[in-house]
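>>> A predicted structure for the sequence below; I have some questions about it.
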Amino acid sequence: MAVTPLIETPAWRALAALAGHSLRLRELFATDPQRFSRFSLAHDGVLLDYSKQRVTSEVMAALHVLWESADVPDWIARMRAGETINQSEGRAVLHFALREPNPRAEVRAVLDKMQRFCDDVHSGRWRGSAGSTISDVVNIGIGGSDLGPKMATQALAAYHQPDLRVHYVSNLDAAHLATTLAQLDPRSTLFVIASKTFTTQETMTNARSARDWIVAALGEAAVARHFVAVSTNLAAVAKFGIDPANAFEFWDWVGGRFSLWSAIGLPLALAIGFANFEGFLAGGAAMDRHFFNTPPEQNLPATLALLGIWNIDFLSASTQAVLPYSQSLEHLPRYLQQLEMESNGKQIDRAGYPVGCPTAPIVWGEAGTNGQHAFYQLIHQGGRLIPCDFIALRQADFDLPGHHDALLANCFAQSEALMRGKTLDEVCAELAAAGMAADKIQRLAPFKVFPGNQPSTTLLLDRLDPYALGQLVSLYEHKTFVQGLIWRINSFDQWGVEYGKQLAVRLLPILEGKQPATDLDSSTAGLIAACKTGASRN
Ligand code: F6P
């Protein structure tokens, strides 16, 4: 039986009809004093205020029909049962099983091994080859083997172990590794080589250079005390020369961008201690229970997902700003870039047909208030629809007098300004009240008008502790999953990253001068020639 294209389904058409009615947030607030309580959810220390989204009860009801028509509960059940829902790679999707309170035996065994290792490093039982305790850990990985632990390590800075610094090196550019190593003493440095496949060019190149650095300083025998690995490919780990006893395994049913909960979280566990890492897992598991068992009307990940679909597919937004008013969450936008854009940046559905509508937005952002002094101008007056996720903490994780209330005031002021806007009449009245001459008001007023009606969601966390961070990450993971289901795409493969890798393999021997530059377009050939001879044309 032919499947109805998504955009022709009754649920989709109903939403498209509703999108034709223009909604002004300012008026929606003015006519409904209960708007905040009507359009906000609170669960286990997380408040999700979506009253500043351009939605009505009717829109939300239609979005809930869309959730039903995408069979989300059925897909959740299939995922939990371990079905091969990542069809194009032939894999199950079970990352949530890593954070279950009583995980399966293979997961428990690796967690126990991680715990022993963390305890050994923290207690000083684990020593470098010259007898030094470990002062610095360098995680070498990229993508999902870097962004998650790096984001979480920064997020939980208030929980860092004393006397241990954790660094992250990802870029193939030697500047990343070289500038990191320049600060370190090889005798007290431990490398974690993190790669699901253990074949990724960036990671393997950095790992080899790090190995050379250790061997040059301490000799070949030192490798065993200065390198551990995290991978699904234990054979490749052994081939690289890392003792299998120092390898931490995970499994192909954990997607790279969902792997923070696995042994990929080892540098995080080293940074914050294993008990705190367990708190992080517990927060993730708590959000899983909420997601699995709650109807969409009260379900936090479902709500975030459906609002995103509304903004992207019905209001034509092409981006999603993530604006954490927390320096500790500085790396969250970059982490979510991979999570959402690598998962759902696709145009072909699970059956191999075009999806027929825009999918993942361009995710970007910056910690508030820094972003305010960089790009908020464009959000306020640039004329584009830019949905924003504001993320704020009720209690500061680092507190100095005069900071936190001012930070919150800025966060809430921005979403208020984006929602409300400022009309020409209001601008003129304000300037007149300030005593400005009428002719000057006339000249200046147009520049001070704010269109407003810019949709935003605010997530307010009680605090940023390991548990809350676990909730937050799990919340966005499930949001991504739900959106993928609605768009009918497989959120767990990433074929789009392959082509560039393939071409880079072809270009390397040409750049190295080992092969002639044949069959290249004139731009690529010209760039390679310029690298060899210098950029100047004279
Ligand atoms: O960017 C493509 C990708 O395959 C990601 O999905 C993954 O997180 C990253 O590369 C790193 O892969 P690995 O952990 O195998 O080194």
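That came through, no problem. Numbers count the residues shown, from 1 in each chain.
>>> hmm, who's touching the host helix or strand of G283?
Element membership of G283 [criterion: DSSP states H and E] is helix 274-293. Outside helix 274-293, the residues that touch it by Cβ atoms under 8 Å, 6 or more residues apart in numbering are 43-44, 76, 80, 96, 98-101, 114-115, 118-119, 152, 156, 159, 261, 265, 268-269, 272, 299-302, 465-475, 478. For every residue, glycine as well, the C-beta is placed using N, CA and C.
>>> So which residues of the protein form strands?
With DSSP state E as the criterion, the chain has strands at 40-43, 46-49, 136-140, 165-169, 189-194, 227-231, 247-249, 319-324, 362-365, 388-393, 456-461.
>>> re the thing from before, for the helix holding G283, the distance to its chain's centre please.
Chain-centre distance of helix 274-293: 17 Å, with Cα atoms, centre = their mean, to the nearest Å.
>>> count of residues packed around the spatially closest residue to R225 that is not a sequence neighbour?
Once flanking residues are discounted, R225 sits nearest to S129: 4.4 Å by Cβ to Cβ, 6 or more residues apart in numbering. A total of 17 residues lie near S129 under the criterion other Cβ atoms under 10 Å.
>>> who touches S129 in this structure?
187, 218-219, 221-222, 224-226.
>>> same question, L378
L378 neighbours (Cβ under 8 Å, 6+ apart): 384, 386.
>>> how near is it to Y467?
The gap separating L378 from Y467 is 36 Å, by Cβ to Cβ, to the nearest Å.
>>> Just want the residue of the stretch 251-400 of the chain that's nearest the ligand.
G256 (2.8 Å; Cβ to the nearest ligand atom).
>>> Please tell me the pLDDT value assigned to the one residue sitting closest to the centre of the chain.
With distances taken as Cα atoms, centre = their mean, the residue of the chain nearest its centroid is L336 (1.9 Å). For L336, the model assigns a pLDDT of 98.
>>> And for G534?
87.
>>> and it, backbone torsions?
phi 100, psi 150 (degrees, to the nearest 10).
>>> how does this protein divide into domains?
The chain breaks down by automatic domain parsing into domains covering 42-85+283-418+459-489, 95-272, 421-453, 499-533.
>>> gap between the two ends of the first one?
Meaning domain 42-85+283-418+459-489. End-to-end distance for domain 42-85+283-418+459-489, by Cα to Cα, to the nearest Å: 30 Å.
>>> go on, stretch 370-379?
End residues of stretch 370-379 are separated by 14 Å (Cα to Cα).
>>> In that stretch, which residues are buried?
Going by neighbour count (16 or more other Cβ atoms under 10 Å), the buried part of stretch 370-379 is 371-372, 375-376, 379.
>>> again with stretch 189-199
Result for stretch 189-199 [16+ other Cβ under 10 Å]: buried residues 189-196, 198.
>>> filter those residues down to the ones near the ligand?
195-196 (Cβ under 6 Å from any ligand atom).
>>> out of the buried residues of stretch 189-199, what pair is the most spread apart?
T189 and K196 (23.6 Å; Cβ to Cβ).
>>> what about R108, neighbour count?
Neighbours of R108 using other Cβ under 10 Å come to 12.
>>> mind checking how far the residue nearest to R225 is from the ligand?
Distance from S129 to the ligand, counting by Cβ to the nearest ligand atom, to the nearest Å: 26 Å.
>>> Tell me, what's the model's pLDDT at that residue?
pLDDT, S129: 97.
>>> What's the mean pLDDT across stretch 307-314?
Per-residue pLDDT values across stretch 307-314 average out to 98.
>>> just to revisit the earlier point, with mean pLDDT added, can I get the strands of the chain in JSON lines?
Formatted as JSON lines, the strands of the chain follow (pLDDT from 0 to 100):
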{"stretch": "strand 40-43", "mean pLDDT": "98"}
{"stretch": "strand 46-49", "mean pLDDT": "98"}
{"stretch": "strand 136-140", "mean pLDDT": "98"}
{"stretch": "strand 165-169", "mean pLDDT": "98"}
{"stretch": "strand 189-194", "mean pLDDT": "98"}
{"stretch": "strand 227-231", "mean pLDDT": "98"}
{"stretch": "strand 247-249", "mean pLDDT": "97"}
{"stretch": "strand 319-324", "mean pLDDT": "98"}
{"stretch": "strand 362-365", "mean pLDDT": "98"}
{"stretch": "strand 388-393", "mean pLDDT": "98"}
{"stretch": "strand 456-461", "mean pLDDT": "98"}
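>>> got JSON lines for these, with distance to L23 too?
As requested, the strands of the chain are arranged in JSON lines below (distance: least, Cβ to Cβ, whole Å):
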{"stretch": "strand 40-43", "distance to L23": "17"}
{"stretch": "strand 46-49", "distance to L23": "17"}
{"stretch": "strand 136-140", "distance to L23": "46"}
{"stretch": "strand 165-169", "distance to L23": "43"}
{"stretch": "strand 189-194", "distance to L23": "46"}
{"stretch": "strand 227-231", "distance to L23": "48"}
{"stretch": "strand 247-249", "distance to L23": "50"}
{"stretch": "strand 319-324", "distance to L23": "19"}
{"stretch": "strand 362-365", "distance to L23": "23"}
{"stretch": "strand 388-393", "distance to L23": "17"}
{"stretch": "strand 456-461", "distance to L23": "14"}
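>>> between those, which gets nearest to V72?
strand 40-43 (17.0 Å).
>>> and this structure, which residues reach the ligand?
Residues of the chain lying close to the ligand by Cβ under 6 Å from any ligand atom are 142-145, 195-197, 200, 203, 256-257, 342, 494, 497.
>>> most neighbours, which of the residues you listed?
S145 (31 neighbours).
>>> ok, back up a step: quick one: contacts for the residue of the stretch 251-400 of the chain closest to the ligand?
143-145, 196, 494.
>>> can you rerun that using 10 Å?
141-148, 195-197, 200, 232, 250, 262, 264, 338, 342, 492, 494 (Cβ atoms under 10 Å, 6 or more residues apart in numbering).
>>> So it versus G526, what's the distance?
35 Å.
>>> ok, now P509?
Distance from P509 to G526, by Cβ to Cβ: 18 Å.
>>> same thing with Y50?
Taken as Cβ to Cβ, the span from Y50 to G526 is 50 Å.
>>> Who has more neighbours out of these two?
Y50 (22 against 12).
>>> residues contacting the more buried one?
36, 38-41, 60, 303-304, 306-307, 389, 455-459.
>>> Let me see the ranges of the helices in the stretch 251-400 of the chain.
266-272, 274-293, 300-309, 332-336, 343-344, 376-381 (DSSP state H, counting those that start in this stretch).
>>> Could you list every helix and strand that the fourth one packs against?
Helices and strands touching helix 332-336, by 3 or more Cβ pairs under 10 Å, 6 or more residues apart in numbering; DSSP states H and E, are helix 147-155, strand 319-324, strand 362-365, strand 388-393, helix 466-487.
>>> List the buried residues in the fourth one.
Buried residues in strand 388-393, defined by neighbour count with 16+ other Cβ under 10 Å: 388-393.
>>> Out of those residues, the closest to A367 would be?
I391 (9.5 Å).
>>> My read is that the closest one contacts Y325, right?
Yes - between I391 and Y325 there is a contact under Cβ atoms under 10 Å: 6.6 Å.
>>> Pull up the overlap in contacts between those two.
367-368, 411, 458, 460.
>>> In JSON lines, list these along with neighbour count.
Shown next, in JSON lines, are the shared contacts of I391 and Y325 (neighbours: other Cβ atoms under 10 Å):
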{"residue": "A367", "neighbour count": "19"}
{"residue": "G368", "neighbour count": "23"}
{"residue": "C411", "neighbour count": "23"}
{"residue": "T458", "neighbour count": "22"}
{"residue": "L460", "neighbour count": "20"}
